[in-house]
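Novice: my questions concern the predicted model and sequence given below.
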Amino acid sequence: MNWVSETVAAEAVAALGGRPRLIVSGNHATPQTLVNAIDSVVPEYRLWALNAQLQMPDRDGVTLETSFVGPGMRKSQRLRYVPSRLSLVPVLFRKRARPEVVVVHTSRVVEGKVSLGAEVNVLPAAIEECRAAGGLVIAQVNRHMPYTFGDGEFSVDVFDYLVEADEPLVDLPTMAIDDLSHSIGARVADRVPDGATLQLGIGAVPDASVRGVTERRGLKIWSEMVSDGVLTLHEQGALDPDEPVVASFVFGSQRLYEWVDRNPNVRLLRTETTNDPALISQRPMMVSVNAALQVDLFGQANASRINNRIYSGFGGQTDFIVGALHSKGGQALIALRSWHPRADVSTIVPLIDEPVTSFQHSAVITENGVASIWGYSQEEQALHLIDHAAHPDVRDELYEEAVALSLVTPGSG
């Protein structure tokens, strides 16, 4: 372990030669100072990050790699998308994409240790594989990064280089909740009983869902990520005080980062744990809430692609849907608007053209109602989607398409 400047650390990466693979903290925890320094001196390299944000390097000589595409890679011609369930990304690092360099963003040093803070995710696996292969592990130490307990705590001796570089964390503003999001969130909330375990993402619908369950009691959190909605549940007394909040990464407001800092009731664990369908299924009354771009009359959801162009990826959706369906009293919910405002098209379609992300959910929820899916015949599923989830303007057309697809018999609608 050596304390060095970002220039020295970057030159050490350059000295490796060739075209090294760098795995870096993703989402809103990218160690930008170090990434920029490395990019300035390493002519060619492969850069792996989950949900990369807009400041990620994108130039000739850089191959962008990921299993979940963020805005910083989405439109790049240099993107190499590697499809994978998020729970299996660590296996990729071991078998197909072993890193030569891992660059992480950590908290200040506390009693000889640092924490990966807001972003644990797949990084422990990346560090282990990199060290096993004799690669470089570098930490950008930032006093603004919270110290979180769990699988992201590492002795400083794990790192070849430590670089002190303070960067304010991204402070995400609270999303405005419009009437449609409020309506969808309220329907989701109606299905959440006291004592349920929640997996929620970020966005207007999850935020509205959280607001709808603040009066519940004994709620538990087992999620891929958490945002300010979980802090709201804590402040309203909705969470089970005897159960830690479990997630793999966090992002939200500065207030959220202050809350998770050295909070013993928050545990950030590695993805292999949080996203393991077998472990998810052990959570009683697991309620998994995920979004989609489209749902078709066969109950299939596309949450990954637009016109065959990769938009995001599987993420944790496939892991949590399977886990929730096997949970005692569990539910796997897809929540979305019935009409896409930008594309000006229905999100409930006869048959998805793009590759399917997930299928066989418990229910599909829109502002128009709740379409029950699991346990019903294919005809009932299709009719539920048409009658209770689809926009009224396309219901007749969808019914005709359902007949043409032999999903429903004429006159059954």
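Specialist: Happy to help now that I have it.
Novice: just give me the neighbour total for the closest residue to Tyr376 other than its chain neighbours.
Specialist: Among residues not flanking Tyr376 along the chain, His384 sits closest, at 6.7 Å (Cβ to Cβ, 6 or more residues apart in numbering). From N, CA and C alone the C-beta is placed, and that goes for glycine too. By the measure other Cβ atoms under 10 Å, the count of residues near His384 is 21.
Novice: can you pull the contacts of His384?
Specialist: Contacts were defined as Cβ atoms under 8 Å, 6 or more residues apart in numbering; by that measure His384 touches 371-373, 376.
Novice: where do the helices sit along this protein?
Specialist: 6-14, 32-41, 89-95, 123-132, 179-190, 204-212, 228-235, 254-260, 271-274, 277-281, 317-326, 378-384, 395-404 (DSSP state H).
Novice: pLDDT-wise, which helix or strand of the chain ranks last?
Specialist: Of all helical and strand segments in the chain, the minimum by mean pLDDT, DSSP states H and E falls on helix 204-212, at a mean of 86.
Novice: can I get the CA coordinates of it in CSV?
Specialist: Only the C-alpha atoms of helix 204-212 are listed here, as CSV (Å, rounded to 0.1, in the frame of the first residue of the first chain):
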residue,chain,number,x,y,z
ALA,A,204,-41.2,8.6,-9.9
VAL,A,205,-43.2,5.3,-9.6
PRO,A,206,-41.0,3.7,-6.9
ASP,A,207,-41.0,7.1,-5.0
ALA,A,208,-44.8,7.2,-5.2
SER,A,209,-45.0,3.5,-4.1
VAL,A,210,-42.9,4.4,-1.0
ARG,A,211,-45.1,7.3,-0.1
GLY,A,212,-48.1,4.9,-0.3
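Novice: list the contacts of it.
Specialist: 174-178, 181-182, 184-186, 188-190, 192, 200, 227-230, 232-233, 289, 291, 335-336.
Novice: do stretch 83-101 as well
Specialist: The contact list for stretch 83-101 (Cβ under 8 Å, 6+ apart) reads 13, 16, 20-23, 38, 48, 50, 65, 67-68, 82, 122, 125-126, 129-130, 133, 135-138, 224, 270-272, 275-277, 313-316, 318-319.
Novice: any idea of the mean pLDDT for it?
Specialist: Averaged across stretch 83-101, pLDDT comes to 95.
Novice: pull out the buried residues from it.
Specialist: For stretch 83-101, burial by neighbour count (16 or more other Cβ atoms under 10 Å) applies to 84-90, 92-93, 97-101.
Novice: ok, stretch 253-261 next?
Specialist: 253, 256-257, 259-261.
Novice: nearest to Ala238 among the residues you listed?
Specialist: Ranked by distance to Ala238 (Cβ to Cβ), the buried residues of stretch 253-261 are led by Trp259 at 14.9 Å.
Novice: for that closest one, what are its contacts?
Specialist: 231, 234, 266.
Novice: low-scoring stretches of the chain, by residue?
Specialist: 413 (pLDDT under 70).
Novice: domain map for it?
Specialist: Under the assignment automatic domain parsing, the domains of the chain span 2-164, 179-404.
Novice: tell me which of those domains sits nearest to Pro410.
Specialist: Pro410 sits nearest to domain 179-404 of all these, at 5.5 Å, using Cβ to Cβ.
Novice: what is the end-to-end distance of that closest one?
Specialist: 35 Å (Cα to Cα, to the nearest Å).
Novice: centre of the chain to that domain, how far?
Specialist: 12 Å (Cα atoms, centre = their mean, to the nearest Å).
Novice: alpha carbons only: can I get stretch 85-96 in PDB?
Specialist: Below are the C-alpha coordinates for stretch 85-96, written out as PDB (Å, rounded to 0.1, in the frame of the first residue of the first chain):
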ATOM      1  CA  ARG A  85     -27.700 -11.300 -15.000                       C
ATOM      2  CA  LEU A  86     -26.200  -8.900 -12.500                       C
ATOM      3  CA  SER A  87     -25.800 -11.800 -10.000                       C
ATOM      4  CA  LEU A  88     -23.500 -13.500 -12.500                       C
ATOM      5  CA  VAL A  89     -21.200 -10.600 -13.400                       C
ATOM      6  CA  PRO A  90     -18.700 -11.800 -10.800                       C
ATOM      7  CA  VAL A  91     -18.500 -15.100 -12.700                       C
ATOM      8  CA  LEU A  92     -17.700 -13.100 -15.800                       C
ATOM      9  CA  PHE A  93     -14.800 -11.500 -14.000                       C
ATOM     10  CA  ARG A  94     -13.500 -15.000 -13.100                       C
ATOM     11  CA  LYS A  95     -14.000 -16.700 -16.400                       C
ATOM     12  CA  ARG A  96     -14.400 -14.300 -19.300                       C
END
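Novice: give me the buried subset of the contacts of stretch 83-101.
Specialist: Applying 16+ other Cβ under 10 Å to those flags 13, 20-23, 38, 48, 50, 65, 67-68, 122, 125-126, 129-130, 135-138, 224, 270-272, 275-277, 313-316, 318-319 as buried.
Novice: tell me the angle the least confident helix or strand of the chain makes with helix 228-235.
Specialist: Helix 204-212 and helix 228-235 meet at an angle of 0 degrees, taking axes from the mean of the first three to the mean of the last three Cα atoms, to 10 degrees as the criterion.
Novice: partners of Val364 in the sheet?
Specialist: Following DSSP bridges, Val364 is listed with bridge partners Ile334, Ala371.
Novice: use 448 as the first number from now on
Specialist: Noted, 448 is the first residue going forward, which turns the last one into Val811.
Novice: list the contacts for it?
Specialist: By Cβ under 8 Å, 6+ apart, the neighbours of Val811 are 742, 746, 748, 780-783, 795, 817-818, 820, 832, 836.
Novice: what does Arg752 give?
Specialist: Contacts of Arg752 by Cβ under 8 Å, 6+ apart are 740, 758, 801-802.
Novice: swap in 7 Å and give it another go.
Specialist: 758, 801-802 (Cβ atoms under 7 Å, 6 or more residues apart in numbering).
Novice: pull out the buried residues from those.
Specialist: Glu801.
Novice: turn the contacts of Arg752 into CSV, including distance to Thr661.
Specialist: As requested, the contacts of Arg752 are exported to CSV (distance: Cβ to Cβ, whole Å):
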residue, distance to Thr661
Tyr758, 32
Glu801, 36
Pro802, 37
